[in-house]
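Asks: Requesting a structural model of the entry that follows:
(chains A and B)
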Amino acid sequence: MSAGSSTVRIRVRVNGQSRELEIEPRRLLVELLREDLELTGTHIGCDTTFCGACTVLLNGKNIKSCTVFAVQADGGEITTVEGLADSEKLDRVQQAFADCHGLQCGYCTPGFLMSTRALLARKPQPTDAEIRKGIAGNTCRCTGYQNIFKAIRTAAGMPETNGDRHK
Amino acid sequence: MIPHPFTYHRAATLQEASRLLTELGEEAKVLAGGQSLIPLMKLRLARPAALIDLNHVPDAAYVERHNGHLHIGAMTRHSAVEESPAAAEIPILHDCAAGIADVQVRNMGTIGGSVAEADPHGDWAPVLLAVGAEVETTGTGGPRTIPMSAFIKDAFTTSLGPAELVREIRVKVPPARSAGAYVAFKRCAPVYPTASAAVQVTMQDDDFCVEASVVLGCVGLTPVVAAEAAAALRGQAITPHAIERAAEAAMNAAEPQADLRGSVEYKRLLVRALTRRALVAALARARGEHVEVSHEYVGR
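Replies: Modelled structure (predicted):
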């Protein structure tokens, strides 16, 4: 009979720092980040895989950290919103969201920033349709997406719409 | 929300996962991408005593073409299929992969997990049925090849044995003048579709259809193979009238249930429209045209 484990030792790199932790296997990645590592910039919104507020990068891909067990990320490289700024200097995505006021209450902003980073890594000059698809896992139920669009286009270095909005 | 505790077993190979399933019995579940299982566990609708983690099995994620077939490893994430040049040569696979839920879910969820779960609202099963895919399995009884048509038995029920796992999905590369398309409608990005239609047609020339397959998703306990819709196309010159008859036959084959996604009548009409759209796209592709279709949703 395989005994299995009630705790697991995992090692992850979080924002460039190697971290080793002994965790319960049911530990969700978002709890590991927020509670064990005290990186509370990643937010829990709906907690049901819809809203995307908990989005972080795992090996460069954006994922919903409320729907990933930390053990799945063992050996992986994680980037959270805390890993974007270089000491005091905001990265270009953060700066664009600030400049364009790409937010309403701001609760979901960390997730939008991470999905934008992943989108621009895949598509440095996204069309409006590609932006809509890229942030579809973050657009939820409030409004204010016009400024988020503007922020993403600004971060991509093309503040004007390329005109396919009303295709 | 915190799942019930479970013991954790990390499989190094799929064979080891199969052995663990034998040892641990019915209380154990297999963890692939977790995009369906973890939400169920958080709601405590699922409380497995043990999880067997496949995420660290090496060489279980790949999309490769050889011997006239596309081979997709069970642990291949939907986004990897979406981005695969080899899969793009069979556009119906790209239609499906590129529209499942949202980017984040596609980056974790796997094709093997989707097929093995057999959720009636899942995207892959109707597509894989339309292209006549096969499922390669690993189990204590040795490997098996199961045609998709024999794989899905009922809602959330497959022909996998208790210690058997999906190892690979195999799709025969369609011949020239054969093309498919998959169109689904969903209310917003992250949710399952309300209805979907997968169509594959093989044409003799621009007009005459020699083979057709029409499979509907979300409108039955298993994907609905709309045989009469296919019969309305096979051996026919494809006129607008033939397309209408096929769409009408698909609508009649659907067995939807009323739920929060819509009424029976609404879903039937949706099936007719989706079948028509998928068919028009598949026919254009069979003529060599480049057509992009995928999931439709508000705000797309």
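Asks: And for residue 136, the neighbour number?
Replies: Using chain A here. Other residues near A:Ala136 come to 22 when the count uses other CB atoms under 10 Å in any protein chain shown. Glycine gets a C-beta too; all of them are placed from N, C-alpha and C.
Asks: That was the other one, I meant chain B.
Replies: 17.
Asks: Next, work out how far apart B:Ala28 and chain A are.
Replies: Between B:Ala28 and chain A the computed distance is 9 Å (CB to the nearest CB, to the nearest Å).
Asks: Just grab the bridge partners of that residue for me.
Replies: B:Ala50 (DSSP bridges).
Asks: Once you drop chain neighbours, what's closest to A:Ala118?
Replies: Leaving aside its chain neighbours, A:Ala118 sits nearest to A:Asn62 (3.9 Å; criterion: CB to CB, 6 or more residues apart in numbering or on different chains).
Asks: if I've got this straight, that neighbour is in a helix?
Replies: No - in this structure, A:Asn62 is strand, not part of a helix, as judged by DSSP: H, G, I helix; E, B strand; the rest coil.
Asks: ok, now which ones touch it?
Replies: A:Asn62 makes contact with A:Thr55, A:Val56, A:Met114, A:Ser115, A:Arg117, A:Ala118, A:Gly137, B:Val103, B:Gln104, B:Asn107, according to CB atoms under 8 Å, 6 or more residues apart in numbering or on different chains.
Asks: Skip the chain neighbours and tell me the closest residue to A:Gly16.
Replies: A:Gly16 sits nearest to A:Gly83 (CB to CB, 6+ apart), 6.8 Å away.
Asks: Now that the one you found has come up, it's in contact with A:Arg13, right?
Replies: No - judged on CB atoms under 8 Å, A:Gly83 makes no contact with A:Arg13 at a distance of 10.1 Å.
Asks: How about the residues of chain B by chain A?
Replies: Contact residues, chain B versus chain A (CB under 8 Å from any CB of the partner chain): B:1-10, B:20, B:23-24, B:31, B:34-35, B:38-39, B:41-42, B:50-51, B:53, B:55-56, B:79, B:101-105, B:107-108, B:188-191, B:299-300.
Asks: quick one on the thing from earlier: contacting residues for the residue nearest to A:Gly16?
Replies: A:Val14, A:Asn15, A:Gly16.
Asks: any idea how the chain splits into domains?
Replies: Picked chain A for this. A:8-83, A:92-155 (automatic domain parsing).
Asks: I was thinking of chain B, sorry if that wasn't clear
Replies: B:7-53, B:63-172, B:178-288.
Asks: Let's have those domains in JSON lines, adding mean pLDDT and distance to A:Thr143.
Replies: Formatted as JSON lines, the domains of chain B follow (pLDDT from 0 to 100; distance: least, CB to CB, whole Å):
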{"stretch": "domain B:7-53", "mean pLDDT": "97", "distance to A:Thr143": "26"}
{"stretch": "domain B:63-172", "mean pLDDT": "97", "distance to A:Thr143": "19"}
{"stretch": "domain B:178-288", "mean pLDDT": "97", "distance to A:Thr143": "14"}
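Asks: closest to A:His43 out of these?
Replies: Closest approach to A:His43 among the domains of chain B is made by domain B:63-172 (14.2 Å; CB to CB).
Asks: Now the stretch 51-200 of chain B against chain A: closest residue?
Replies: Residue nearest to chain A within the stretch 51-200 of chain B (CB to the nearest CB): B:Asp102, separated by 2.9 Å.
Asks: Name the nearest residue to that residue, sequence neighbours excluded.
Replies: B:Asp102 sits nearest to A:Gly137 (CB to CB, 6+ apart), 2.9 Å away.
Asks: now swap in A:Ile78 and tell me
Replies: Nearest to A:Ile78 is A:Val14, by CB to CB, 6+ apart, at 4.8 Å.
Asks: if we can go back for a sec, what's the spacing between the residue nearest to A:Ala118 and A:Ala136?
Replies: 12 Å (CB to CB, to the nearest Å).
Asks: Now the common contact residues for the two.
Replies: In terms of CB under 8 Å, 6+ apart, A:Asn62 and A:Ala136 are both contacted by the residues B:Val103.
Asks: Who are the contact partners of the closest residue to B:Leu221 other than its chain neighbours?
Replies: Nearest residue to B:Leu221 in three dimensions, chain neighbours excluded: B:Ala155, at 4.2 Å (CB to CB, 6+ apart). B:Ala155 sits next to B:Ala118, B:Asp119, B:Pro120, B:Leu221, B:Thr222 when contact means CB under 8 Å, 6+ apart.
Asks: and these, which are buried?
Replies: Buried members of the contacts of B:Ala155, counted by 16 or more other CB atoms under 10 Å in any protein chain shown: B:Ala118, B:Asp119, B:Pro120, B:Thr222.
Asks: Select, from those residues, the two members most distant in space.
Replies: Longest span within these, CB to CB: B:Asp119 and B:Thr222, 10.4 Å.
Asks: which stretches of chain A form helices?
Replies: Here chain A has its helices, by DSSP state H, at A:29-31, A:92-99, A:109-122, A:128-134, A:145-155.
Asks: want to throw those into a markdown table with mean pLDDT and distance to A:Gly45?
Replies: A markdown table is the format used below for the helices of chain A (pLDDT from 0 to 100; distance: least, CB to CB, whole Å):
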| stretch | mean pLDDT | distance to A:Gly45 |
| --- | --- | --- |
| helix A:29-31 | 98 | 10 |
| helix A:92-99 | 97 | 17 |
| helix A:109-122 | 98 | 8 |
| helix A:128-134 | 94 | 18 |
| helix A:145-155 | 94 | 15 |
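Asks: Got a ChimeraX select line for the buried ones in the contacts of A:Gly83?
Replies: With 16+ other CB under 10 Å as the criterion, this ChimeraX line picks the buried residues out of these:
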select /A:14,15
